[in-house]
Structures are given as C-alpha cells and as structure tokens.
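just coords:
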C-alpha cells in the first residue's frame, strides 16, 4: 500500500483513505492511472483522489465532467459554504460519499428523461438591490469556472494590485465599459467586488485585439498582463469556455432524438400539411424504408419554443393569424401533439410567441392554457432555458441537452464585431459558439429581458452540455464546438412582413435526427 501511495504522490495526486480502501489490487491501480491519462488533459486532471473518483471510474467509465470544478465545490461544502453546486455534480455522476449516500434522481415513468435544471419562480417584488445581487451571483459563478484555468489560478482582486509600480498580474472581472483610444487601442474597464481598473489592449496584438473587439459589456473575463500606474497592459484575455473534451459521447444503442422548433400553431402561414407529414412519418406511416427505420427508433422529440403563434406579439399580428384566440391555439397544438405515438418522449419549452412573460427564464406553459398537455404522460414541459438529461441508464450517464429558445441571438448578431461582419443572423453557428465560450446565454445586460434572481443567475451555463439546441431565428444550423453539438432547429411557418423587417429568412419544415449511437445527424425535409 505504501508503494501505491508513493506512486500517486509522485504523479502529483493526493489520495484520501477511502480511496485507498477501494483499491483491491494492482489492476485497480492501473485502471485509475490509465483512466486519468486517457480522459483528462493536464490542466484538468484531478488533484485529490477519493472514493467518488474511484466509483466514477468503475461505474460510469467516462462522463463529461469538469473534475477541477467538482473538487472546488467539495471544498465549499467542507467549509460550510453553499452546497448546491456540489449537490448538482453528485446528482449527475450518481456517486456516493462514505458518510452520506445520495439516491439517484427518479426518472419520470422510466421515460429516460431527467430534467436537471428547470427554473423555479421566486415570486417577489423586484428591487434595485436584486439586480446587484444578481450580477454578484453571475460574477461568482463564472469566476469559479475561470479559476480552473491554469493562467488564472493565482488571480488576485483588483484592490490588491492597485498602486503597484510594475509586475505580472492576473485578475477576473466583469466588463463595465469598453472604448477605443485615440491611438486605436481598446480600453476595457473591468471591475470586481473590490474595485475597478482600466485594461489596455494594444491594436498591434492582432489576435488579442480581435478578441477585445468581440467582448461585450457585462462579460466576466480573465485578464493576464503587466500593471503599471494603475493600468493593466493586456497580454491575454481568457473566457470561461468549455474543456476541449475527449470525443463525442455515444451510447451503445441505436436510438434517435428528434429536434424541431417554432411551429407557431394559429398562424395563417403555418405549414399544416407538412407538419402532418412529419407526424405521419414519426408514426411510421410514410417515408422510404431508411426513413421508416429511423422513425421507429425515435425515442425523444424536443420542441424548443414558439409552439403557438401567440396573440399581440407584434403590431398588426392579427392580420397574420388564422386562430385569434390563444386558448384555441393551444388546444390545436395539443391535439396535434396527441397524435404522436405515445412511446416518444416529448420535451417542450416556451418561446417569445408563447403565452408567457418575455423575461427569461420563462416558466413552463401554464396548465390553464393547455390542461390536456399537462396530463400527457409522455410530455415533459420545461422552462426556457433548461438542461435535460436523456437516455441515462445504470451504466451510462446519458446525454445532457441544453435547451434555449434564443432570445439573445439578435443582440449578439448585431453587437459582436466578428459575427456582424460574418453575416449576423445568418451565422447562428457563430452565435451559439460565442454563447458556449462565454458560458452564458445572454452575456450582456441588454441582450435579453431577464428576471434578476437573487439566488443565482439561471442563464449561466454551469454544466457543459452534450447538445445545445435553440430556435427563434427560423433558420437551420448544425455545428460542433469542442464536441458539443450545436443545433438551431428551423421553423414550420412561412415568412411574415414582421419577420422580413427583422431579417429572418425561414428554412421551414425540417427536422433534425440525432443518432445517439454514432452522433451522426440527418436532416429530413418535409416540404414539397
């Protein structure tokens, strides 16, 4: 046993007693070392090996998990701080501590659908101080992610570096101002809970300068540079981002998840016949043999918002509506959904056209609006945004799907320099990538309407998803960023005058089919 301890220490790991008691033989030891070598890059490897890590290796083989962040959350628990992040990690990996056991969360009707993050409304009058607490929570959440980066491990508070003559420093702050100097440099004003400081990004550093140009107000970023007379000369800008990963997560069973969005029942331009064709296909009634084989293996259907056209969403909308009553719109929507075979698990979130408040997170569709929808055993109503786990089993952690309708997309398209130049809303892939890199669905204060929750910022992407699906823009996009599948799921409606003014060009009547065994994506077109 002493040789084992010595071996792990030489490799830079600390070991807890409960970890050592789990090692039955040399084979277990080699399994652990091989697992770390194959599944972690150097700056993301665990520091402390305990019983949780042993169980993770033996039981799950390889979930997508930021282990450094998990270790930090465990330290918070041990010091009597907030335990929510640690509890969330435990919920995902289903591990056990020596003194406390955690029951695996129940999965509704053994459906294979587990809602990991769903917004819970905190009904109260909102005050100015709530916005302050909200941004403090955002800052702390993203700071904890940034602190896992090796460049920022020694990041210090701003007040501790003020008045230094010179020296290399690193800080983590929130961008409160951005402007261009007379010399063409970018000056970022960055603040934390202790103070603020100006950061100069020199235009001669081309790559760094382009990053600074793309930085939005209110982003939480890391900065490495030289300080001189209360000014930081920037050498590196670091964003929360996600780990590079270890390949696409795949399951052993050939099962499909389908993704659609923006159906907008009640609109005169709703493609009714095409949507019925989609339903007939998923029910195995039409299509080629290959398409029917896929249809029979569809187990999950995601609808990412704008389920109905809504009423009064924009001036003059009544001229574009076939169904003028919101209750009738939801009744028709539910009637269509009911015709889908009941072994397909249907996950539905709201959007800006649904009868919900516009401020995000948006709650689930109200029972009074769609009572029959709430009663369907295979329908899972989720908030916008939500994180949903599908197809988990005793030996497989499942796939985490981040669902967000996309309310912040137009703002990002217009205000991020590189995306604006690349084509604005025509480059949804770049918008979604930008969001993942910032680990926030609406990085800037004015990028979407939001509720200032005093407990946490529900738009922070604190868990790395396997798939990120959205809607809102009515166009179809498929991309991949660091083994996260990015999808914007199009629409089922034609273009209105209002949409044309906003620069939305529909790509309607398409459905994405993700093979969970291979992670290949097929796009099926149901339009003539």
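Ah, there it is. All values derive from a computational prediction rather than experimental measurement.

and the lengthiest helix in the chain, what does it pack against?
Taking DSSP state H as the criterion, the chain has its longest helix at helix 128-146. Identification of packing neighbours for helix 128-146 by 3 or more CB pairs under 8 Å, 6 or more residues apart in numbering; DSSP states H and E yields helix 67-78, strand 166-180, strand 220-228. C-betas here are computed from N, CA, C, even on glycine.

buried stuff in it?
Buried residues in helix 128-146, defined by neighbour count with 16 or more other CB atoms under 10 Å: 130, 133-135, 137-139, 141-146.

now that helix: how far from the chain's centre is it?
17 Å (CA atoms, centre = their mean, to the nearest Å).

again with stretch 440-458
The gap between where stretch 440-458 is centred and where its chain is centred comes out at 14 Å by CA atoms, centre = their mean.

ok, now stretch 127-143?
Its chain's C-alpha centre and that of stretch 127-143 lie 19 Å apart, by CA atoms, centre = their mean.

other residues contacting it?
Contacts to stretch 127-143, defined as CB atoms under 8 Å, 6 or more residues apart in numbering, come from residues 172, 174, 192-193, 218, 220, 240, 439-440, 452-457, 460, 462.

can you select the buried ones from the residues you listed in PyMOL?
This is the PyMOL syntax for the buried subset of those, where burial follows 16+ other CB under 10 Å:
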select buried, resi 172+174+192+218+220+240+439+440+452+453+454+456+457+460+462
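
which of the contacts of stretch 127-143 fall within helices?
In this view, the contacts of stretch 127-143 have no member that belongs to helices under DSSP H.

follow-up on the earlier one: any chance of a markdown table for the buried residues of helix 128-146, columns distance to residue 31?
Shown next, in a markdown table, are the buried residues of helix 128-146 (distance: CB to CB, whole Å):
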| residue | distance to residue 31 |
| --- | --- |
| 130 | 49 |
| 133 | 45 |
| 134 | 44 |
| 135 | 44 |
| 137 | 39 |
| 138 | 40 |
| 139 | 40 |
| 141 | 34 |
| 142 | 35 |
| 143 | 35 |
| 144 | 30 |
| 145 | 29 |
| 146 | 32 |
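
now, which of the residues you listed sits nearest residue 478?
Using CB to CB, residue 145 is the member of these that lies nearest residue 478, at 26.3 Å.

where's the closest one relative to residue 486, distance?
Relative to residue 486, residue 145 is positioned 19 Å away (CB to CB, to the nearest Å).

now do the contacts for residue 361.
Contacts for residue 361 were tallied using CB under 8 Å, 6+ apart; they are 119, 383-385, 450-451, 458-459.

neighbours of the nearest residue to residue 18 once chain neighbours are set aside, how many?
Of all residues not flanking residue 18 in the chain, residue 51 sits nearest, at 4.1 Å (CB to CB, 6 or more residues apart in numbering). Residue 51 has 18 neighbours, counted by other CB atoms under 10 Å.

in strands, which of the contacts of stretch 127-143 fall?
Using DSSP state E, the subset of the contacts of stretch 127-143 located in strands is 172, 174, 220.

let's verify residue 30: helix, strand, or coil?
Using DSSP: H, G, I helix; E, B strand; the rest coil as the criterion, the local structure at residue 30 reads helix.

could you check the pLDDT of it?
Per-residue pLDDT puts residue 30 at 74.

what about it, neighbour count?
Using other CB under 10 Å as the criterion, the residues surrounding residue 30 number 10.

and what of residue 410?
A count of nearby residues for residue 410, using other CB under 10 Å, gives 19.
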